[in-house]
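Asker: I'd like to go over a predicted model; first the sequence, then the structure.
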Amino acid sequence: MLENILIHKILFLDVETVPVTAVFSELPKGFQSLWAEKTRWQRSHQQSPEEFYGLKAGVMAEFAKVICISVGYLYEKEGQHFFRIKSFYGDDEKAILEDLKLLLDEKFATPKHYLCAHNGKEFDYPFLCRRMLVNGIQLPKILDISGKKPWEVRHLDTMEMWKFGDYKHYTSIKLLAALFGIPTPKDDIDGSQVSKVYWQDKDLERIKNYCQKDTLTVAQILLKYMCKPILTEEQIEVA
């Protein structure tokens with residue numbers, strides 16, 4: 001599996017996002033109406049736009065922002081794989097996205113380079129593109145798929161690969177990690193808590209650590225797909 005892809009040319013990533021405001025009432029009035037209109041058919045009859053905002057705004061690019069992007073890549077030293085991981089995070093979404101664009105344009109812009117994320121094609125890649133445009137940032141070459149043929153798009157998705165052409169439902173990164181025996185921390189947050197940790201606890205470090213864990217897990221899953229040994233703690237470097 002994936003025999004034609006050079007593993008050292010892959011940038012693994014995970015993105016953490018939150019609603020643009022802590023609560024629905026802080027949205028400008030015009031955007032409150034637009035939110036109600038956009039989610040009209042998604043909400044149950046009992047759910048108000050305000051209640052639904054707390055549940056789903058963080059994953060909709062028109063009403064959310066990026067607060068952390070963790071990236072990592074594999075390299076070889078003395079016949080052994082090592083994984084180097086780095087995070088761009090903070091309150092300034094534009095600065096985070098500009099840092100990512102600089103990295104992608106300078107280091108991951110050739111036809112041999114790939115991006116890899118879990119559920120990346122459904123969430124991470126389009127979300128990054130939308131938020132870059134909102135912030136007036138030109139898309140990096142590897143993210144700009146406009147006009148490209150399917151085989152020219154260099155986006156890997158560990159969730160999509162697990163389907164093997166099947167159309168069934170979502171498979172979580174947590175489930176795949178457990179299935180493949182990939183160790184993950186037991187004391188971190190989950191995706192549903194990121195907004196609270198950001199807006200109420202104001203703990204970006206905790207979010208960064210969670211994001212880095214998921215980026216590493218994506219790399220570990222891909223190694224398993226390629227029938228390669230997973231990384232040990234000694235093989236992981238944090239920039």
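Answerer: In hand now; what should we look at? Numbers count the residues shown, from 1 in each chain.
Asker: contacts and neighbour counts: CA atoms only from here.
Answerer: OK.
Asker: can you pull out the helices in the protein?
Answerer: Under the criterion DSSP state H, the chain contains helices at 29-38, 49-56, 93-107, 124-134, 158-163, 173-179, 194-199, 204-225.
Asker: Relative to residue 105, how far out is residue 58?
Answerer: Applying CA to CA, to the nearest Å, the value for residue 58 to residue 105 is 27 Å.
Asker: In terms of neighbours, single out the busier of the two.
Answerer: The neighbour comparison of residue 58 against residue 105 (other CA atoms under 10 Å) goes to residue 58, with 23 against 15.
Asker: how about the more buried one, what does it touch?
Answerer: By CA atoms under 8 Å, 6 or more residues apart in numbering, the contact list for residue 58 reads 17, 18, 19, 20, 64, 65, 195.
Asker: If you rank those residues by neighbours, which is first?
Answerer: residue 18 (28 neighbours).
Asker: so that one bridges to which residues?
Answerer: Applying DSSP bridges to residue 18 gives these bridge partners: residue 65.
Asker: Do I have it right that it meets residue 61?
Answerer: No: in this structure residue 18 lies outside contact range of residue 61 using CA atoms under 8 Å: 9.5 Å.
Asker: In CSV: the helices of the chain, plus distance to residue 3 and mean pLDDT.
Answerer: Below are the helices of the chain laid out as CSV (distance: least, CA to CA, whole Å; pLDDT from 0 to 100):
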stretch, distance to residue 3, mean pLDDT
helix 29-38, 42, 97
helix 49-56, 38, 94
helix 93-107, 22, 97
helix 124-134, 23, 98
helix 158-163, 14, 95
helix 173-179, 21, 95
helix 194-199, 36, 95
helix 204-225, 11, 96
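Asker: how many other residues sit next to the residue lying closest to residue 135 once chain neighbours are set aside?
Answerer: Leaving out its chain neighbours, the residue that sits closest to residue 135 by CA to CA, 6 or more residues apart in numbering is residue 94, at 6.0 Å. When counting by other CA under 10 Å, one arrives at 19 neighbours for residue 94.
Asker: Test my guess that residue 94 contacts residue 133.
Answerer: No: counting by CA under 8 Å, residue 94 does not reach residue 133; the two are 10.1 Å apart.
Asker: Residue 57 and residue 51, how far apart?
Answerer: Going from residue 57 to residue 51 by CA to CA gives 10 Å.
Asker: More neighbours: which of those two?
Answerer: residue 57 (24 against 13).
Asker: Verify the stated contact: the more buried one with residue 18.
Answerer: Yes: Residue 57 lies in contact with residue 18 (CA under 8 Å); the separation is 7.4 Å.
Asker: got any residues that touch both of the two?
Answerer: Residues within reach of residue 57 and of residue 18 at once, by CA under 8 Å, 6+ apart, are residue 64.
Asker: Just give the number of residues close to the closest residue to residue 208 other than its chain neighbours.
Answerer: In space, and not counting its chain neighbours, residue 208 is closest to residue 68: 6.3 Å by CA to CA, 6+ apart. Neighbour count of residue 68, defined by other CA under 10 Å: 28.
Asker: Ok, residue 226 next?
Answerer: Close neighbours of residue 226, defined as other CA under 10 Å, add up to 13.
Asker: Distance check, it against residue 219.
Answerer: When distance is defined by CA to CA, residue 226 is 11 Å away from residue 219.
Asker: now do residue 200
Answerer: As judged by CA to CA, residue 200 and residue 219 stand 31 Å apart.
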